[in-house]
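In: predicted model, plus sequence, below.
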Amino acid sequence: MNILVCLKQTFDTEERIVLEDGKISEDGVEFVINPYDEYAVEEAIKLKEEHGGEVTVITVGPERAEQALRTAMAMGADKGIIVDSEDLEDADEYTIAKILAEVIKEQEYDIILCGYMAVDDGSAQVGPRLAELLGIPHISTITKLTIDGENVEVEKDVEGDVEIIQSKLPILLTAQQGLNEPRYPSLPGIMKAKKKPLERLDLDDLDLDEEDIEAKTETLEIFLPPKKEGGKILEGELSDQVKELVQLLRNEAKVI
């Protein structure tokens, strides 16, 4: 079974966001595999262990994103592909999906796994867009996966319940929290990952024109949320508190 995993390198979720000149500063920041993509990597490795085959991890990013691929290979992926994004300005989900589709068209695959979303932008668009470009079915936010021959069955959370969906290979699936528990790279795995093949591509290596990958969205401004003000404690009899609360909700919060 040939398994592809599309992943992204993101800020560590414990990092503090700092803005400089209207842009997010990367000085001293630790980068990790996007947490939802970790579920996709783990599921790919489990599929390889159960069915055999090969796991290829793919990313579009700057040179530092190679570390995310090496981490995935230390977990058990077999090889990686990185498309250098240094020449990309203001790339959005449309751009990334187009680039990934162009890379993947040259690969053999039975299943493509992605994270449900990236924790930095939260768009949850790359996976569905990629499936559409490749002309294959797509199921999002899965929490359980079973493959029997060409048959695929998944479970996904739906409004507090579970939905079971059946489909066929090839297919693209996006991983939700609860699908599995990602393993930690072992020391032997880290040492092996250094020798595993990693293909480096530039945009010039792909059959794409600038117009093909021009972003469809534009970021006008980046700003931090306003600081939260201290809460207000109501005192007095319960009936008086209720009256005061209603007045505050109507006149200050303006929600009723």
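Out: Everything's here; your move. Residues are numbered from 1 along each chain as shown.

In: E163 falls within a helix, correct?
Out: No: E163 sits outside any helix when classified using DSSP: H, G, I helix; E, B strand; the rest coil, being strand.

In: next, count neighbours for it.
Out: By other C-beta atoms under 10 Å, 14 other residues sit near E163. The way it works is simple: take the backbone N, C-alpha and C, and place the C-beta from them, glycine included.

In: isn't it up against E155?
Out: Yes: at 7.0 Å, E163 counts as touching E155 under the criterion of C-beta atoms under 8 Å.

In: show me the strands in the stretch 151-256 of the chain, by range?
Out: For the stretch 151-256 of the chain, the strands defined by DSSP state E, counting those that start in this stretch occupy 151-158, 161-168, 171-175, 198-201.

In: which one of the ones you listed is the most hemmed in?
Out: strand 171-175 (a mean of 25; mean count of other C-beta atoms under 10 Å).

In: just the helices in the stretch 101-250 of the chain please.
Out: 126-134, 187-193, 238-251 (DSSP state H, counting those that start in this stretch).

In: who does the last one touch, helix- and strand-wise?
Out: Pointing back at helix 238-251 there. Helix 238-251 sits against no helix or strand, with contacts defined as 3 or more C-beta pairs under 8 Å, 6 or more residues apart in numbering; DSSP states H and E.

In: list the contacts of it.
Out: 232, 234-236, 255-256 (C-beta atoms under 8 Å, 6 or more residues apart in numbering).

In: now render those residues as a markdown table, adding neighbour count, pLDDT and distance to N34.
Out: Below are those laid out as a markdown table (neighbours: other C-beta atoms under 10 Å; pLDDT from 0 to 100; distance: C-beta to C-beta, whole Å):
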| residue | neighbour count | pLDDT | distance to N34 |
| --- | --- | --- | --- |
| K232 | 9 | 81 | 38 |
| L234 | 12 | 88 | 42 |
| E235 | 7 | 88 | 46 |
| G236 | 9 | 89 | 49 |
| V255 | 7 | 81 | 35 |
| I256 | 9 | 81 | 39 |
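
In: nearest to Y36 among those residues?
Out: If you rank these by distance to Y36 using C-beta to C-beta, V255 comes first, at 32.4 Å.

In: could I get the pLDDT score of the nearest residue to the closest one once chain neighbours are set aside?
Out: Spatial nearest neighbour of V255, excluding adjacent residues (C-beta to C-beta, 6 or more residues apart in numbering): L249 at 5.4 Å. Listed pLDDT for L249 reads 88.

In: from K232, how far out is L249?
Out: Applying C-beta to C-beta, to the nearest Å, one obtains 11 Å for the distance of L249 from K232.

In: ok, the longest strand belonging to the chain: who's next to it in the sheet?
Out: Counting residues, the longest strand in the chain under DSSP state E turns out to be strand 138-148. Next to strand 138-148 in the sheet, as set by DSSP bridges, lie strand 151-158 (antiparallel), strand 171-175 (parallel).

In: if we compare these, which one ends up closest to V29?
Out: Of the strands paired with strand 138-148, nearest to V29 by C-beta to C-beta is strand 171-175, at 24.4 Å.

In: what's the angle from that closest one to helix 126-134?
Out: 170 degrees (axes from the mean of the first three to the mean of the last three C-alpha atoms, to 10 degrees).

In: keeping just the C-alphas, turn strand 171-175 into PDB.
Out: Output in PDB follows, covering the C-alpha atoms of strand 171-175 (Å, rounded to 0.1, in the frame of the first residue of the first chain):
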ATOM      1  CA  ILE A 171      -9.200   8.300  -1.100                       C
ATOM      2  CA  LEU A 172      -8.100  11.300   0.900                       C
ATOM      3  CA  LEU A 173      -8.900  11.400   4.600                       C
ATOM      4  CA  THR A 174      -8.300  14.200   7.200                       C
ATOM      5  CA  ALA A 175      -7.400  13.200  10.800                       C
END
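
In: can you list contacts of it?
Out: Contacts of strand 171-175 (C-beta under 8 Å, 6+ apart): 36-37, 39-40, 43, 111-117, 124, 127-128, 130-131, 134, 136-142, 145, 152, 154.
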